[in-house]
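[1] Build me a model from this:
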Amino acid sequence: MGDCMNRIDKTLEESQSILGLPPIDEMVYVCKKKDGHGIVVEVRSSNEHGVPHAHVKNTEGTKACVIEITNSAPVNQDSVKVLAGNRDTDLKGEIVKWSKGVHRKSGLNNWLQLQVSWDSLRPD
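    Numbering: from 1, shown residues only. Prediction:
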């Protein structure tokens, strides 16, 4: 998994540099379902408005859903607030499991890192 993560990080850094944008650390990417949760959770940095939210994709890059970033991490599938897209219970279960994990760069709980990422992109 480390090699795949390094390739993804390098590609992100190169893309951000080419576009003249600041680096994005607001993403968690798992290469294979067997190595993690099989989802990508990201906060986008361009023209995002409205309720705090994150975009969830599967590892193939297919958009799965948009979830609300609530004050508390989801504790079960019913507490995942899906704003748009797939409301599948298995997907929501993976989001709950992911939310309890630790962000590999910051060392923060993944859900807390998601909140910090949203706040850092929208300081007002």
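
[2] is Asn109 in a bridge, and if so with what?
    Beta-bridge pairing for Asn109 (DSSP bridges): Val102.

[3] In contact with it, which residues are there?
    Ala73, Ser99, Lys100, Gly101, Val102, His103 (C-beta atoms under 8 Å, 6 or more residues apart in numbering). For every residue, glycine as well, the C-beta is placed using N, CA and C.

[4] can I get those in CSV with pLDDT and distance to Ala84?
    Output for the contacts of Asn109, formatted as CSV (pLDDT from 0 to 100; distance: C-beta to C-beta, whole Å):
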residue, pLDDT, distance to Ala84
Ala73, 94, 20
Ser99, 91, 19
Lys100, 90, 24
Gly101, 86, 24
Val102, 84, 27
His103, 80, 24
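
[5] Can you tell me which of these comes closest to Thr59?
    Distance to Thr59, by C-beta to C-beta, is smallest for Gly101 among those, at 15.5 Å.

[6] Let me see the contact set for the residue lying closest to the closest one once chain neighbours are set aside.
    Once flanking residues are discounted, Gly101 sits nearest to Asn110: 4.8 Å by C-beta to C-beta, 6 or more residues apart in numbering. Asn110 sits next to Val28, Val41, Trp98, Ser99, Lys100, Gly101, Val102, His103 when contact means C-beta under 8 Å, 6+ apart.

[7] Near the third one, how many other residues are there?
    The local packing count at Trp98 equals 22, with neighbours defined by other C-beta atoms under 10 Å.

[8] next SSE after the worst-scoring helix or strand of the chain on mean pLDDT?
    For the chain, counting by mean pLDDT, DSSP states H and E, strand 27-29 ranks last in confidence among helices and strands (a mean of 46). Reading on from strand 27-29 to the C-terminus, the next helix or strand found by DSSP states H and E is strand 39-42.
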